[in-house]
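> here's my sequence, what's the structure:
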Amino acid sequence: DQRRREIIQQYGIDFILSESQSSSSALFGKIDAKMLGAFGHSQGSMATVVVGADPRIVTTVPIEGAQAADVAKLKGPAFLIAGELDMIVDPSTVESAFQAATVPAVFGLSLGHDHLMPGLAPSPIVKAITTWFKIHLSGEQGSRDYFFGKPCGLCTDPTWKVQRKNI
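Numbering: from 1, shown residues only. Sure, this is the predicted structure:
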């Protein structure tokens, strides 16, 4: 299990960075190696928190899946998302993972949505994810109040229930 985690961390990141250096790759010149973020849904969410233990990952957004032991190893801020009606990944498990965070973290419960919410058109979580990455990967200070204001913009959105810690 530990070896699998090391492979995900090292080779996944190394592959993306090597692709950004290869002129034959669609990623050529498009990756800022100092501003890497990771996100994933369901099983991809589990991989997201594993790769987030690598110090090259600035921030993570696990969507509907995360384990407390892995979240406790994150090196940068995390925005953990759960769907209120998710019957595949119980929202309480994502909330428990959030409680294990030692980095700045936000837990967002998307009200009225199930495990398939990322596939909805329009997706109820795109704005929040995009804003999170703008803040942490682009340094967009004008968006900080969406997560870090008192009260935060997301906190006052009636379609979300939000918890924050280490902020």
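> the chain: helices as residue ranges?
Ranges of helices in the chain, per DSSP state H, are 2-21, 43-51, 68-71, 91-99, 126-138, 145-148.
> show me the contacts for the residue nearest to the spatial centre of the chain.
Using C-alpha atoms, centre = their mean, the residue of the chain that lies closest to the mean C-alpha position is residue 61, 0.5 Å off. Residues near residue 61 by C-beta atoms under 8 Å, 6 or more residues apart in numbering: 37-39, 48, 78-81, 129, 132-133. All C-beta atoms are positioned from the backbone trio N, CA, C, and that covers glycine.
> try 7 Å
39, 79, 81, 129, 132 (C-beta atoms under 7 Å, 6 or more residues apart in numbering).
> ditto for residue 83
Taking C-beta under 7 Å, 6+ apart, one finds 64, 91, 110, 113-115, 117 in contact with residue 83.
> what do you get for residue 113?
So residue 113 contacts 83-85, 124 (C-beta under 7 Å, 6+ apart).
> I'd like the distance between it and residue 148.
24 Å (C-beta to C-beta, to the nearest Å).
> circling back to that earlier point, I only care about the contacts of residue 61 that end up buried; give me the PyMOL line for that.
Those of those that count as buried under 16 or more other C-beta atoms under 10 Å are selected in PyMOL with:
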select buried, resi 39+79+81+129+132
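> looking at the contacts of residue 113, state which has the most neighbours.
Within these, most neighbours by other C-beta atoms under 10 Å means residue 83, with 25 neighbours.
> quick check: beta-bridge partners of that residue?
residue 110 (DSSP bridges).
> got the CA coordinates for stretch 77-97 in PDB?
Extracted C-alpha coordinates of stretch 77-97, given in PDB (Å, rounded to 0.1, in the frame of the first residue of the first chain):
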ATOM      1  CA  PRO A  77      -4.500  23.800   1.500                       C
ATOM      2  CA  ALA A  78      -7.400  21.500   0.700                       C
ATOM      3  CA  PHE A  79     -11.000  22.000  -0.400                       C
ATOM      4  CA  LEU A  80     -12.900  18.700   0.300                       C
ATOM      5  CA  ILE A  81     -16.300  18.400  -1.300                       C
ATOM      6  CA  ALA A  82     -19.100  16.000  -0.600                       C
ATOM      7  CA  GLY A  83     -22.600  15.600  -1.900                       C
ATOM      8  CA  GLU A  84     -25.400  15.700   0.700                       C
ATOM      9  CA  LEU A  85     -27.300  12.800  -1.000                       C
ATOM     10  CA  ASP A  86     -24.200  10.700  -1.900                       C
ATOM     11  CA  MET A  87     -25.000   7.100  -1.300                       C
ATOM     12  CA  ILE A  88     -21.700   5.800  -2.700                       C
ATOM     13  CA  VAL A  89     -19.300   7.900  -0.500                       C
ATOM     14  CA  ASP A  90     -21.100   8.900   2.700                       C
ATOM     15  CA  PRO A  91     -20.600  12.600   3.200                       C
ATOM     16  CA  SER A  92     -19.600  11.900   6.800                       C
ATOM     17  CA  THR A  93     -16.400  10.000   5.700                       C
ATOM     18  CA  VAL A  94     -15.300  13.100   3.700                       C
ATOM     19  CA  GLU A  95     -16.200  15.300   6.700                       C
ATOM     20  CA  SER A  96     -14.000  13.000   8.900                       C
ATOM     21  CA  ALA A  97     -11.200  13.300   6.500                       C
END
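> I am finished for the moment; much appreciated.
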